[in-house]
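K.L.:
model this:
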Amino acid sequence: MQAIRIVRQQAYELTCSAKAVDGGKFAPTLVLCKQAWPRRPRVIDVPRGDYVSEELAIDAAQSRGLEWIQHYGY
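P.N.:
Have a look, this model is predicted:
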């Protein structure tokens, strides 16, 4: 089962999640969606690291999403 955290920041909604991978580690995933038209979701690449818990992986995805908004959002 995937752990999911939804965060709203400025005009964006970040869906941060983590799924289990080999060796008891977790891989973060991030889907970013603008809350105004057009609302097409974007899958943002999060570097895969050695995250030992779902919470750490989700924190990494959220951090990457906030960084993306700072650089590319309005």
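K.L.:
and Ile6, what is it in contact with?
P.N.:
Glu13, Leu14, Thr15, Cys16 (CB atoms under 8 Å, 6 or more residues apart in numbering). Heads up, the C-betas are built off the backbone N, CA and C, glycines and all.
K.L.:
Just want the phi and psi numbers for it.
P.N.:
Main-chain torsions, Ile6, degrees, to the nearest 10: phi -110, psi 130.
K.L.:
Please apply the same query to the one 5 residues further on.
P.N.:
Summarising the backbone geometry of Ala11 under the convention degrees, to the nearest 10, its torsions are phi -100, psi 20.
K.L.:
repeat for Arg40
P.N.:
Per-residue torsions, Arg40: phi -80, psi 130 (degrees, to the nearest 10).
K.L.:
just for this structure, where's the confidence low?
P.N.:
Residue ranges of the chain with pLDDT under 70: 1, 74.
K.L.:
which residue ends up closest to the midpoint of it in space?
P.N.:
In the chain, the residue lying closest to the centroid (CA atoms, centre = their mean) is Leu30, at 2.7 Å.
K.L.:
so how far is Gln10 from it?
P.N.:
Using CB to CB, to the nearest Å, one obtains 15 Å as the distance from Leu30 to Gln10.
K.L.:
do the same with Ser63
P.N.:
Relative to Gln10, Ser63 is positioned 15 Å away (criterion: CB to CB).
K.L.:
same thing with Val43?
P.N.:
Distance, Val43 to Gln10, using CB to CB: 19 Å.
K.L.:
now swap in Val31 and tell me
P.N.:
Taking CB to CB as the criterion, Val31 is separated from Gln10 by 16 Å.
K.L.:
show me where the chain has strands.
P.N.:
With DSSP state E, the ranges of strands along the chain come out as 3-9, 12-20, 26-34, 42-44.
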